[in-house]
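# sequence unknown, structure follows:
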């Protein structure tokens with residue numbers, strides 16, 4: 001893959017590389033992309049948490065009980081047996 005960077009980005013890349021933590025520009029770009037991926041994932045989780053908070057504020061909650069937990073487990077096992085994949089937001093693939 002060939003990347004074309006603006007002169008400003010090339011200068012930034014060199015400044016970051018000059019700090020001494022990275023051996024070459026590829027290492028800098030790899031670290032930057034991993035940080036970006038983590039930030040995107042964190043933003044998604046923050047949005048999902050806010051949805052839950054909003055639901056709680058509206059009184060849309062269910063009291064946790066051992067019976068409720070057992071019923072949710074039974075549903076999950078039925079879905080698994082039927083070949084359904086878990087929601088990746090709830091159970092990300094390794």
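Received the coordinates, thanks. These numbers come from a predicted model, not from an experiment.

# from the chain's centre, how far out does the host helix or strand of residue 73 sit?
In this structure, residue 73 sits in helix 66-81 according to DSSP states H and E. Mean-position distance between helix 66-81 and its chain equals 25 Å (C-alpha atoms, centre = their mean, to the nearest Å).

# Next: stretch 65-81.
Mean-position distance between stretch 65-81 and its chain equals 25 Å (C-alpha atoms, centre = their mean).

# same question, stretch 51-69
Centroid separation between stretch 51-69 and its chain, computed with C-alpha atoms, centre = their mean, is 23 Å.

# other SSEs contacting the biggest helix by length in the chain?
Longest helix in the chain, counting residues (DSSP state H): helix 25-57. Counting contacts by 3 or more C-beta pairs under 8 Å, 6 or more residues apart in numbering; DSSP states H and E, helix 25-57 packs against helix 7-18. The C-beta positions use only the backbone N, C-alpha and C, and glycine is treated the same way.
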